[in-house]
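A.B. asks: my questions concern the predicted model and sequence given below.
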Amino acid sequence: MVKLWVNKWLIIFLRIARAIMDFAVIYISFYLGYKIYFLDTPRVCALFQAELSPNLYYIPVAERHYLTIALGVGIITIIVYAFLNLYKEDTSILHVKEYKNVIIGYVISAILFLAIYYVYFTYLGKDVQTKLFSRRIFSFASMLSIPGILLTRTLFNKIQHWLHSQGIGAKRVIIYGAGEAGRLIARRLSEFPAFGMYVVGFIDDNPDLTGTSIIFNRAKRLSLNVIGTGDNLKQYITKYAADEVIVAMPSGTTEKIVGIMNYCAENNIRYRFVPNVYELSIQRTVTRNIAGIPMISVRSTSRQYIFLFLKRIFDFVISFILLIVFSPILLLISLMIRLDSKGNPIFVQTRIGLKGKPFSILKFRTLKSDTNKYEVNPISGNDNRITKVGKWLRKTSLDELPQLINVFLGSMSLVGPRPEMPFIVETYTKLQRERLRVKPGITGLWQLSADRSIAIHENMDYDLYYVHEQSFLLDIVILAQTFIFAFRGI
């Protein structure tokens, strides 16, 4: 009971702390926005006040006025964020839904505030209104607020993730089923502590597995023990102080699943279960509640022609600008590769792109020139095929820079699933071929995940998520996180 009470109040405290941080960022951003605009504050403020009618003695000085505006924007933003559930734990992949809603929510808040502000001050007159309010200051403050909120939330998520990974403020969970579904759930919960679930072990009806260790994350060599069978489920709930059970047996019989659910209900054990559609196409399913009845359907992936048109324009413009800006760096890296090892500094390889069409991908060469270009990529920086310069290029992801040419020419996009080699695509299942519905990209969710050391074709979840959730805001979030990730590796 004490643990549950502590966790409950910790969750409340963290939600309040998020709201306070958001408000503080907005307030500071408006102060900085004012200072940026009025670089010579005393002189400009004197001129600012001199232009106002002397009869309007109750109007605050400019700086205090903008801090009052910050107060209003901050309060409205917190209310809007609360409606968007931004003070509850986000369980989307890499918090992309949270970061998208942060941007959308702030835009809504700014529009609401401006509407209220102009209506309220109409009686003061247009001339005074104009002198009291500067669109540029408001724009400066907003340009600082959005990245500021995103940055503080990222740092806050890191702290919260660490607490949850230590079992602090997280529910203790037992996974019933040590098969593929159970291992995937364990991996996801370890990668995304935002779910607030801490797995204490597996339970499996196969008695031969009891006492064994099951690896659920090969990249990090993470494992969990099978603590027993379902016959003594209540005993293990008490022994390991578990809060609930996740039944991960999607291929189990209906009788078996219902039996486990009835057992949990009779013994007051909280439970969740993975539906038996999991092994079919769980990445494409969506659950809706219709008249109180939960229904699972397969979502359709429609072609968003306006989005695709704007995405192509964005790719073309940004890749053109970056190629010009990075041209000295491209030349310098090419020279470094030539000095480090023999061979062409540019690596060319056939990959499979949109709709299964092959194209030539460009990269900086990071392996020795005599390496077979279609060998399996190194998964460790200690691979003896990697050159000295190649290790640095791979660590910073600068080996991907020549792909800006692919983006400029239209065979790739800035954001999208990574393109695979032809012989791997030939082995794709029908579900895996879903990733060929969109143009491949330089960066994507898989590259930002903890599973990037695992082969792409062995972990499609991130790419399939992007295929069905793609949007312009999602692309911006991925590009921003890619920049931070690459900068961290320099």
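C.D. replies: Looks like it arrived, so ask away. Note that the coordinates shown come from a computational prediction; the quantities given were computed from them, not determined experimentally.

A.B. asks: can you get me a residue count around residue 212?
C.D. replies: If you count neighbours by other C-beta atoms under 10 Å, residue 212 ends up with 13. C-betas here are computed from N, CA, C, even on glycine.

A.B. asks: check contacts around residue 339.
C.D. replies: Residues in contact with residue 339 (C-beta atoms under 8 Å, 6 or more residues apart in numbering): none are found.

A.B. asks: identify each buried residue in the helix or strand harbouring it, please.
C.D. replies: For residue 339, the host element (DSSP states H and E) is helix 327-340. By neighbour count on 16 or more other C-beta atoms under 10 Å, the buried set for helix 327-340 is 330, 333-334, 336-337.

A.B. asks: where does the protein dip in pLDDT?
C.D. replies: 1-8, 38-63, 90-94, 121-133, 194, 219, 276-303, 373-383, 449-459, 484-490 (pLDDT under 70).

A.B. asks: what helices or strands is the longest helix seen in it leaning on?
C.D. replies: Identified as the longest helix of the chain according to DSSP state H is helix 2-37. With contacts defined as 3 or more C-beta pairs under 8 Å, 6 or more residues apart in numbering; DSSP states H and E, helix 2-37 has these neighbours: helix 62-83, helix 135-165.

A.B. asks: next structured bit after the first one?
C.D. replies: Of the helices and strands lying after helix 62-83 in sequence (DSSP H and E), the nearest is helix 96-120.

A.B. asks: who's in contact with that next one?
C.D. replies: By C-beta under 8 Å, 6+ apart, the list of residues contacting helix 96-120 reads 69, 72-73, 76-77, 79-81, 84-86, 90, 92, 129, 133, 138, 142, 145-146, 149-150, 153, 445, 469, 471, 473-474, 476-478, 480.

A.B. asks: PyMOL command for the buried members of these?
C.D. replies: In PyMOL, a selection of the buried entries from these looks like this (16+ other C-beta under 10 Å):
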select buried, resi 69+72+73+76+77+80+81+84+86+90+92+133+138+142+145+146+149+150+153+445+469+473+474+477+478
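
A.B. asks: and which of the buried residues of helix 327-340 is nearest residue 262?
C.D. replies: The closest of the buried residues of helix 327-340 to residue 262 turns out to be residue 333 (C-beta to C-beta; 63.3 Å).

A.B. asks: doesn't residue 393 make contact with that closest one?
C.D. replies: Yes - counting by C-beta atoms under 8 Å, residue 333 touches residue 393, with 7.1 Å between them.

A.B. asks: tell me, what's touching those two both at once?
C.D. replies: Joint contacts of residue 333 and residue 393 (C-beta under 8 Å, 6+ apart) are residue 364.

A.B. asks: first to last residue in stretch 195-214, what's the distance?
C.D. replies: In stretch 195-214, first residue to last residue: 21 Å (C-alpha to C-alpha, to the nearest Å).

A.B. asks: give me phi/psi at the residue lying closest to residue 337 once chain neighbours are set aside?
C.D. replies: Using C-beta to C-beta, 6 or more residues apart in numbering and skipping the chain neighbours, the partner closest in space to residue 337 is residue 345 (3.9 Å). Here is the backbone geometry of residue 345 (degrees, to the nearest 10): phi -70, psi -20.

A.B. asks: OK, contacts around residue 345?
C.D. replies: Residue 345 neighbours (C-beta under 8 Å, 6+ apart): 333-335, 337-338, 364-365.

A.B. asks: residue 191: which of the residues you listed is nearest?
C.D. replies: With C-beta to C-beta as the yardstick, the closest approach to residue 191 among the contacts of residue 345 comes from residue 364, at 29.3 Å.

A.B. asks: can you get me a residue count around that closest one?
C.D. replies: Residue 364: 22 neighbours (other C-beta under 10 Å).
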